[in-house]
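Visitor: What follows is a predicted protein model with its sequence.
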Amino acid sequence: MKTHSIFILIVTLIIMAGCQKDLEIANPNALTIANFWQTEADAVRGVNAVYSTLHRGAISRWQWFYYEIRSDVGRSTSPDPGIVNNMDQFNINDNAYGNTVGVWADNYVGIFRANQVLDNVPDMDIDDNLKERIIGEAYFLRGLFYYHLATLFGNVPLQLETSSPEDLPSTSSQQQVFAQIESDLMQAADRLPLKQGYAADDLGRATRGSAQALLAKVYMQQQKYAEALGPLSWFITGGGAGQYSLMPNYRDNFLITSENNNESVFEWQFEINSTETTDDDVATPNHNIGSSISQFLAPKPIGFADGEAHRWIVHEFLEETTTSGARDPRLEASFLYDSTNVGGPTQTIVYGVNWQQRLNTNQIVPGVFFRKFLNDHWRNAESFRSPNNYRHIRYADVLLMYAECLNATGSTGMAYEYVDQVRARAGLAPLSEVAPGLSQTGFLDQIKHERLTELSGEGHRWTDLARWGDLGPQLAERDPAFNNFIVNKHELLPIPQLDLDINPNMRQNNGY
């Protein structure tokens, strides 16, 4: 799919005033909803426009900040107080903060585009197989955008048809939104092909596995662990068995040379455009070419270092060594810090020079930088148009979710096997050998450790903490920002004030 241009649909109404009376003259050359949906190419362009929403800066960058920097693994030392207060310190005193509004608005842009596909493609006279696939893609993507909204904002309006400015939908509860996502993803799974069913040019499109994995996440966020076993079992013993596997080298999941690999369940596709240097990703026409997140995560002076990791997470990786006595290789793949290389600051290379030279200091600097989105493996610079794909759901995540659900439903003994697969890839001894016979509670504690070391920085930490009921001031021991956390308030973001002002049928989240 990276080789295709992605088009943004534009509906234009031109109103011209005459001398004697108002005239409404339609521009015959302008695309409208009425004249666009005609051919197979139109249908493909339409669904491509839904995917293109994932490139917008609020989603591809700031949304990740709310899932990771706001959690206990992240922090912000940005000079921008808005980032620090709203995305890290829980000092939210502006319900119209731009980046929160952007995340809300851009997810609804994606929903609007998905609804156009779902409203128009079913009646088009095109190949039935292609039609079904496109409808499945739109259902999946609408479910994905609502998953973002439900896990970040909780109680949001459901819009299931192409909206108009006159629509004033009421707030739906988080539970109602989750129910709609479940429906969308089941509709998607019934229509989408297997990963191997796509031609090379279409790699990266949603698959049946994408829908099954996201459906499991939705169930799990509601503690519906028995229900989640259904879509997860699809990967293990069902139609998806053998379709996915762990990459032998963990770091291959984060390099531009090994995108859309065997471990990838759903991956956001990014490209690079070396001629663009602006961060104006909405105003730039047809900008759909990359993510700026690496520019905001890389250490200075390469990047802005607006988001960093806490030091405590490094020690989480050091709790165990591999069976050969080496350090867990996932630490080096996950973070840049003074000892990314076990040789220390003089051996740790940061964008072409060692740590001391890059950070202009002879001291060990405490900063720890998220590495998985960075491009330091192939160039010594970052930009606003990173081509490094976001591996949003990996097979390792599926295995750990399956183990968690087995444990939650009383099959702890069966769960070991799937944790052991993930540990074996990292070179660690089987959990079944080092900690056999764990209780259900003890195994869940181990799952928390395993997900942290396997998935750090991949956008799952906030939802993990929420699912486990671990959000609260007690996390201040790891992250001092949680001293400001107010229970029954900060679990959700505020609904943007502008939307509340426009729509009297919406209500604000608790505490704002």
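Guide: Thanks, I have it. Bear in mind the structure is a predicted one, so any value in this text is a computation, not a measurement. Residues are numbered from 1 along each chain as shown.

Visitor: what about stretch 316-334, distance to the chain center?
Guide: 25 Å (C-alpha atoms, centre = their mean, to the nearest Å).

Visitor: So that it lines up with my notes, have the first residue be 44 from now on.
Guide: Renumbered: residue one is now 44, and that last one reads stretch 359-377.

Visitor: Give me the buried stretch members for that stretch, please.
Guide: Neighbour counts using 16 or more other C-beta atoms under 10 Å place Glu359, Phe360, Glu363, Asp371, Pro372, Arg373, Leu374, Glu375, Ala376, Ser377 of stretch 359-377 among the buried residues. C-beta coordinates here come from the backbone N, C-alpha and C atoms, glycine included.

Visitor: Quick check: the gap between Val411 and Leu340.
Guide: Applying C-beta to C-beta, to the nearest Å, the value for Val411 to Leu340 is 11 Å.

Visitor: more neighbours, these two?
Guide: Leu340 (31 against 24; other C-beta atoms under 10 Å).

Visitor: wait, the more buried one sits on Ser334?
Guide: No - using C-beta atoms under 8 Å, Leu340 is not in contact with Ser334; the gap is 10.5 Å.

Visitor: Pick the one among the buried residues of stretch 359-377 closest to Ala139.
Guide: Ser377 (34.7 Å; C-beta to C-beta).

Visitor: Would you check that the closest one makes contact with Glu497?
Guide: No - using C-beta under 8 Å, Ser377 is not in contact with Glu497, being 9.2 Å away.

Visitor: Count the residues that sit near Asp162.
Guide: So Asp162, with other C-beta under 10 Å, has 15 neighbours.

Visitor: Does Glu270 touch Lys260 like I think?
Guide: No - contact criterion C-beta under 8 Å: Glu270 and Lys260 do not qualify, at 11.7 Å.

Visitor: Comparing those two, which residue is more hemmed in?
Guide: Applying other C-beta under 10 Å to Glu270 and Lys260 shows that Lys260 carries more neighbours, namely 22 against 18.

Visitor: Provide the secondary structure category for the more buried one.
Guide: helix (DSSP: H, G, I helix; E, B strand; the rest coil).

Visitor: give the contact list for it.
Guide: Contacts for Lys260 were tallied using C-beta atoms under 8 Å, 6 or more residues apart in numbering; they are Tyr190, Ala271, Ile436, Met444, Thr506.

Visitor: tell me which of those residues is nearest to Tyr555?
Guide: Closest to Tyr555, out of all of those and judged by C-beta to C-beta, is Thr506, at 20.5 Å.

Visitor: can you list the residues that contact the helix or strand in which the closest one is found?
Guide: In the assignment (DSSP states H and E), Thr506 maps to helix 504-511. Residues outside helix 504-511 that contact it (C-beta under 8 Å, 6+ apart): 109-111, 113-117, 194, 260, 263-264, 266, 487, 491, 494-495, 498, 513-514, 518, 534.

Visitor: For Gly485, see how far away Val269 is.
Guide: Let me fix one detail, which is that residue 269 is Ala and not Val. Taking C-beta to C-beta, one finds Ala269 at 21 Å from Gly485.

Visitor: Please apply the same query to Gly500.
Guide: 26 Å.

Visitor: Which two of the buried residues of stretch 359-377 have the greatest separation?
Guide: Every pair of the buried residues of stretch 359-377 checked by C-beta to C-beta; the farthest is Glu363 and Ala376, at 15.9 Å.

Visitor: Number of residues surrounding the residue nearest to Asp295 when sequence neighbours are not counted?
Guide: Among residues not flanking Asp295 along the chain, Ser301 sits closest, at 4.1 Å (C-beta to C-beta, 6 or more residues apart in numbering). Look at Ser301: counted by other C-beta under 10 Å, it has 16 neighbours.

Visitor: same thing with the one 3 residues further on?
Guide: The criterion is other C-beta under 10 Å. On that basis, Asn304 has 19 neighbouring residues.

Visitor: Confirm that Glu310 sits in a strand.
Guide: Yes - per three-state DSSP, Glu310 lies within a strand segment.

Visitor: Now do the same contact list for Ala472.
Guide: Contacts for Ala472 were tallied using C-beta under 8 Å, 6+ apart; they are Glu363, Thr366, Arg466.

Visitor: For it, give me the pLDDT.
Guide: pLDDT, the model's per-residue confidence, is 98 for Ala472.

Visitor: In a strand, Gln266, correct?
Guide: No - counting by three-state DSSP, Gln266 falls outside a strand, being coil.

Visitor: Which residue, other than its chain neighbours, is closest to Ile154?
Guide: With C-beta to C-beta, 6+ apart, the residue lying closest to Ile154 is Phe188, at 5.0 Å.

Visitor: what angle do the helix or strand hosting the one you found and helix 504-511 make?
Guide: Here Phe188 sits within helix 171-195, counting by DSSP H and E. Helix 171-195 runs at 70 degrees relative to helix 504-511, counting by axes from the mean of the first three to the mean of the last three C-alpha atoms, to 10 degrees.

Visitor: Contacts for the strand or helix carrying Leu495 next, please.
Guide: Per DSSP H and E, Leu495 falls inside helix 483-498. For helix 483-498, the surrounding residues in contact (C-beta under 8 Å, 6+ apart) are 116, 356, 359-360, 362, 371, 373, 437, 439-440, 443, 446-447, 450-451, 453, 455, 458, 462, 465-466, 469, 474, 478, 481, 503-504, 507, 511, 513.

Visitor: Give the buried residues for that helix.
Guide: So helix 483-498, judged by 16+ other C-beta under 10 Å, has buried residues Phe486, Leu487, Gln489, Ile490, Glu493, Arg494, Leu495, Thr496, Glu497, Leu498.

Visitor: what about the first one, distance to Tyr459?
Guide: Counting by C-beta to C-beta, the separation of Phe486 from Tyr459 is 8 Å.

Visitor: And for the last one?
Guide: In this structure, Leu498 lies at 19 Å from Tyr459, with C-beta to C-beta as the measure.

Visitor: now the third one
Guide: When distances are taken as C-beta to C-beta, Gln489 and Tyr459 turn out to be 10 Å apart.

Visitor: Determine the residues that are contacts of both of those two.
Guide: Counting by C-beta under 8 Å, 6+ apart, the common neighbours of Gln489 and Tyr459 are Leu474.

Visitor: Quick one: low-confidence residue ranges for the chain.
Guide: Applying pLDDT under 70 to the chain flags the ranges 44-77, 315-331, 403-408.

Visitor: what residues are shared contacts of Val411 and Leu340?
Guide: Common neighbours of Val411 and Leu340 (C-beta under 8 Å, 6+ apart) are Glu351.

Visitor: In CSV, list the C-alpha atoms belonging to the very next helix or strand once past the helix holding Thr506.
Guide: Once helix 504-511 ends, the next helix or strand along the chain (criterion: DSSP H and E) is helix 540-545. Extracted C-alpha coordinates of helix 540-545, given in CSV (Å, rounded to 0.1, in the frame of the first residue of the first chain):
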residue,chain,number,x,y,z
GLN,A,540,-15.0,22.5,25.0
LEU,A,541,-15.7,23.7,21.5
ASP,A,542,-17.7,20.6,20.8
LEU,A,543,-19.6,21.0,24.0
ASP,A,544,-20.4,24.7,23.1
ILE,A,545,-21.7,23.6,19.7
